[in-house]
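Visitor: Fold the following and give me the result.
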Amino acid sequence: MTYRCGRVCGCSLLLVLALALPALAASAAGQGAFYLVSTGVGDADNMSVRAWRTIERADVVLAMQPEQAREKYAALLKDKPVYPAGHGLFGRMPQRLAVTSAQGGRRPGPAAAPELADQQQQTRQIVRDAVAAGKTVVLLDAGDPTIYGPQTGYLREFADLAPQVIPGISSFNAANAALGRGITEGRPSRSVILTAAAGKTPNAPDGYHGRDSLTALAKSQSTLVFFTMGLNLPDVVAQLKTSYPADTPIALVLHAGSAARQRVVRATLESIVAQLGDEPLPFEHLIYVGDFLR
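Guide: Now for the predicted structure:
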């Protein structure tokens, strides 16, 4: 009787396991993950250890400029597939895709509607298929992805995948270090406002009409830090001079975080435009305005 029960119970257990194995396998295959990873700013050694390890175990990688990412992080990416992530592909910023420049390189350029829709669909399939197969997908972004970052739209688009953000050194952190001062140590105000001038000056082209005009932001005399996408420096300076004294210090930090190219330009609101003259400013620069610079 006991022997018979053992055989029956054993067979029943095997049957249960046989039925459960496909479900367990499917569950294991569905344990993929999606990460938005900061690679830091400037030199490659500004990347955090956590970011490095996350990229190291990635199966699939997306980057705004795949060729540039492969060159800069060759030892880390190795033979991993790297797909174009676009610029603001799922976001509220102007969408850009990789296009061939006059110099032959590939850089983000304005996206036409059909091309945009195609890349959105391709990217959805790449990410979702990989995560469903249990793979780790990493989207690379520079600096702090959550401060005027072009790729935060991915967090909304793939919210059901519970994406995680791996933090890193931002241009703001690196520029603060380059200035070598406590940016919260202004005399009229110890607050710091991070802003973008695009859309906040009378000649702004993008139609932004938020309440955070430069005049409104300047009322507290707080330190202003400008992320400079689409910034017209003479326009910004002219408007700031209506709220700040003309001798208010201003500093531009160019290529923050790059040991070879980092540079700080110091002046006042009165002198900065003439001091720079026709010198072209790189895309990678931040502007600080405030008493803490004295």
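
Visitor: What ranges in the stretch 51-200 of the chain fall below the confidence cut-off?
Guide: Low-confidence segments of the stretch 51-200 of the chain, defined by pLDDT under 70, are located at 93-112, 198-200.

Visitor: Give the full set of residues in contact with Leu161.
Guide: 32-34, 127-128, 131 (CB atoms under 8 Å, 6 or more residues apart in numbering). For the C-beta atoms, the positions are set from N, CA and C on the backbone; glycine is no exception.

Visitor: Distance check, it against Asp291.
Guide: 45 Å (CB to CB, to the nearest Å).

Visitor: Now for Ile272, how many residues are close by?
Guide: Residues near Ile272, counting by other CB atoms under 10 Å, number 21.

Visitor: Then Ile183?
Guide: 17.

Visitor: I'd assumed Leu194 was in contact with it.
Guide: No: contact criterion CB atoms under 8 Å: Ile183 and Leu194 do not qualify, at 10.6 Å.

Visitor: Quick check: phi and psi on Arg266?
Guide: With angles defined as degrees, to the nearest 10, Arg266 sits at phi -120, psi 140.

Visitor: should've said Leu36
Guide: Dihedral angles (degrees, to the nearest 10) for Leu36: phi -100, psi 110.

Visitor: May I have the beta-bridge partners of it?
Guide: Judged by DSSP bridges, the bridge partners of Leu36 are Leu139, Val165.

Visitor: Tell me, what's the model's pLDDT at the closest residue to Arg181 other than its chain neighbours?
Guide: Leaving aside its chain neighbours, Arg181 sits nearest to Phe292 (5.9 Å; criterion: CB to CB, 6 or more residues apart in numbering). Predicted confidence (pLDDT) at Phe292: the value is 96.

Visitor: residues contacting Phe292?
Guide: 181-186, 223.

Visitor: got the phi/psi numbers for it?
Guide: Torsion angles, degrees, to the nearest 10, at Phe292: phi -60, psi -20.

Visitor: And it, how close does it get to Val225?
Guide: The gap separating Phe292 from Val225 is 11 Å, by CB to CB.

Visitor: hang on, the earlier thing: how close does the residue nearest to Arg181 sit to Ala174?
Guide: 17 Å.

Visitor: which stretch of helix or strand covers Tyr288?
Guide: strand 285-289 (DSSP states H and E).

Visitor: what packs against that strand?
Guide: helix 171-179, strand 223-227, helix 233-240, strand 249-254 (3 or more CB pairs under 8 Å, 6 or more residues apart in numbering; DSSP states H and E).

Visitor: again, only using 10 Å
Guide: helix 171-179, strand 192-196, strand 223-227, helix 233-240, strand 249-254, strand 263-268 (3 or more CB pairs under 10 Å, 6 or more residues apart in numbering; DSSP states H and E).

Visitor: tell me the contacts of Gln221?
Guide: 186-189, 191, 243-245, 248, 290-291 (CB atoms under 10 Å, 6 or more residues apart in numbering).

Visitor: what's the farthest-apart pair in those residues?
Guide: Farthest pair in these (CB to CB) is Ser191 and Pro245. Separation: 18.1 Å.

Visitor: Isn't Thr152 up against His87?
Guide: No: look at Thr152 against His87 with CB atoms under 10 Å: they stay out of range, at 11.9 Å.
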